[in-house]
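1. fold the stuff below for me.
(one chain, ligands or ions: 4)
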Amino acid sequence: RAKKDGPSRVLLYQPYMHAEALDRLSLRGDLQRALREGEFRLQYQPLVRLADGDAAGVEALIRWESPTRGFVSPVDFIPIAEEFGLIVEIGQWVLETSAVQVARWRRDFPDLGLNVNVSGHQLVHPRFADNVMRALAIAGLPSSAVTLELTESVLMSEPDLGKAALHQLRGLGVQLSIDDFGTGYSSLAYLRELPVDELKIDRAFIARAELTAEDLALVRTIVELAQILGLRVVAEGIENAAQLAALRGLGCGYGQGYHLCRPVDPEAVPEQLARAQVESPVGVLDHRSTA
Ligand code: C2E
Ligand code: MG
Ligand code: MG
Ligand code: MG
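-> Ligands and ions are numbered 1, 2, ... in the order given. Sure thing, here's the model as predicted:
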C-alpha cells in the first residue's frame, strides 16, 4: 500500500503516528473500563431566565476522571467514543442518570427542566426514540421536562435520518434544541422545517472581553429569528455583567455561563436552584417581549 500511494505517503509511517494510533486504542480500552467501573459522573449547569434570574432548567455535562489519565474533557473523549461506537451506551447512561436526578429535584422544584446533549450517532440509532423514552420511564420524568440538544453540524450532516427521529421524539413530547447555534450552516428553510423548540447561541458570539457592535448585531438577529419562529433562545457563555446586560437589553430569554453559575456537582444543585442567579433588572425588559 505504501508503494502504491507513492513517496508522499511516507508520512503514514512516522513513529509519532504509531504512538498516536496506540494511544487511541488504549483510550478505547480506558473508555470501556470507565463505563464498566463507573468512572463517569455528571455536573449540572443552570439555564437561567434572564427576566427574573431563576433557573428554568439544568444542562447535564459529562465528566471523566480517569485513574490513569486524570481529568479528560468531553471535547476530547466524546469524539473517540463516537468513533469506537461507545457513545450510544455512554449517552444512555447520561440520559438515565440525569433523568433520575432531575425527577428527584422536581419534588422541590416542580417546573425544573433537563437539557441533555445528544450525539449524532445516538440520533441515527434505530432505537434512539425508544431509548430516550425508556430512560424517562425509569426515572418517572415527563417527556415535556426534557430538551435534547443537538448541534447544527449534526443536523446538517444527516438531514433526513435526523429529521425522522426528531419528529418522532417531538411527537412523544420531548423538546429539541439546536446547540452551538450560529457556528454551522443551517438554512432558514431547514430551520423552519425542523421540529425545534430552542436555539442556543454559541458562546463564540458572546464570551468575548468586549462585545463589538457586529457581535451584538449578530446576536440580536438570532434573538429576533427565534422570536419570529416562536423558539426559546439561550445565550451560552455569559462571563461578565456587561454581556449579561447586553443580552437582557436585546430581549434574550435565557442564559448560561460562568457569570451566572458554573457547572456544579449534583450535591450543590439544590442550593443554586433556590437562589435567583442574578437580581431582577428593573425596567429593562418591561417594554420588550422575551423569546
Ligand atoms: P456544550 O453542550 O455547548 O456545553 C457548554 C460547554 O461550555 C460546557 O463545557 C460548559 O462547561 C462550558 N461553559 C459553560 N459556561 C461557560 C462560560 O461562561 N465560558 C466558557 N468558556 N465555557 C462555558 P464542557 O462541559 O467541557 O462540555 C463541552 C462539550 O462537550 C459540550 O458543549 C458538549 O458538546 C459536549 N458534551 C458534554 N457532555 C456531553 C454528553 O453528556 N453527551 C454528549 N454527546 N456531549 C457532551
Ligand atoms: Mg449543550
Ligand atoms: Mg453549546
Ligand atoms: Mg459547545
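2. just checking, next helix/strand downstream of the element among helices and strands of the chain having the smallest mean pLDDT?
-> Ranking every helix and strand in the chain by mean pLDDT, DSSP states H and E puts helix 2-5 at the bottom, with a mean of 44. Once helix 2-5 ends, the next helix or strand along the chain (criterion: DSSP states H and E) is helix 15-37.
3. buried ones in the helix or strand just after that next one, by neighbour count?
-> With elements assigned by DSSP H and E, the helix or strand that comes after helix 15-37 is strand 40-49. Residues F40, L42, Q43, Y44, Q45, P46, L47, V48, R49 are the ones in strand 40-49 that count as buried (16 or more other CB atoms under 10 Å). For the C-beta atoms, the positions are set from N, CA and C on the backbone; glycine is no exception.
4. just stretch 122-138 next, same as before
-> Q122, L123, V124, H125, F128, A129, N131, V132, M133, A135, L136.
5. out of those residues, which two sit at the greatest distance?
-> V124 and L136 (20.1 Å; CB to CB).
6. after the helix or strand hosting G162, heading C-terminal, what element do we hit next?
-> Assigned by DSSP H and E, G162 falls within helix 159-171. Helices and strands here follow DSSP H and E; after helix 159-171, the next one along the chain is strand 175-181.
7. any part of that next one near ligand 1?
-> Yes - residues of strand 175-181 contacting ligand 1 under CB under 6 Å from any ligand atom: D179, D180.
8. that strand near ligand 3 anywhere?
-> Yes - Strand 175-181 lies within reach of ligand 3 by CB under 5 Å from the ion, at D179, D180.
9. let me know the angle separating that strand from helix 159-171.
-> 140 degrees (axes from the mean of the first three to the mean of the last three CA atoms, to 10 degrees).
10. strand partners (parallel or antiparallel) of strand 175-181?
-> strand 146-151 (parallel), strand 198-201 (parallel) (DSSP bridges).
11. out of those, nearest to L86?
-> strand 146-151 (18.8 Å).
12. tell me which residues are up against that closest one.
-> Strand 146-151 is contacted by residues 57, 59, 99, 113-118, 120, 123, 132, 136, 162, 166, 169, 174-180, 183-184, 197-198, 200 when judged by CB atoms under 8 Å, 6 or more residues apart in numbering.
13. in space, what's closest to the residue nearest the centre of the chain - neighbours in sequence excluded?
-> For the chain, the residue nearest the mean C-alpha position is N117 (4.0 Å; CA atoms, centre = their mean). Spatial nearest neighbour of N117, chain neighbours left out: E149 (4.9 Å); criterion: CB to CB, 6 or more residues apart in numbering.
14. from ligand 3, how far out is that neighbour?
-> Distance, E149 to ligand 3, by CB to the ion, to the nearest Å: 7 Å.
15. how many neighbouring residues does that residue have?
-> E149: 20 surrounding residues under other CB atoms under 10 Å.
16. which positions in the stretch 51-200 of the chain make contact with ligand 3?
-> Residues of the stretch 51-200 of the chain that fall close to ligand 3, judged by CB under 5 Å from the ion: D179, D180.
17. how about a cut-off of 8 Å?
-> Residues of the stretch 51-200 of the chain that fall close to ligand 3, judged by CB under 8 Å from the ion: N117, E149, T151, D179, D180, K200.
18. go through these and name the one nearest T212.
-> Looking across these and measuring by CB to CB, the closest to T212 is D180, at 19.9 Å.
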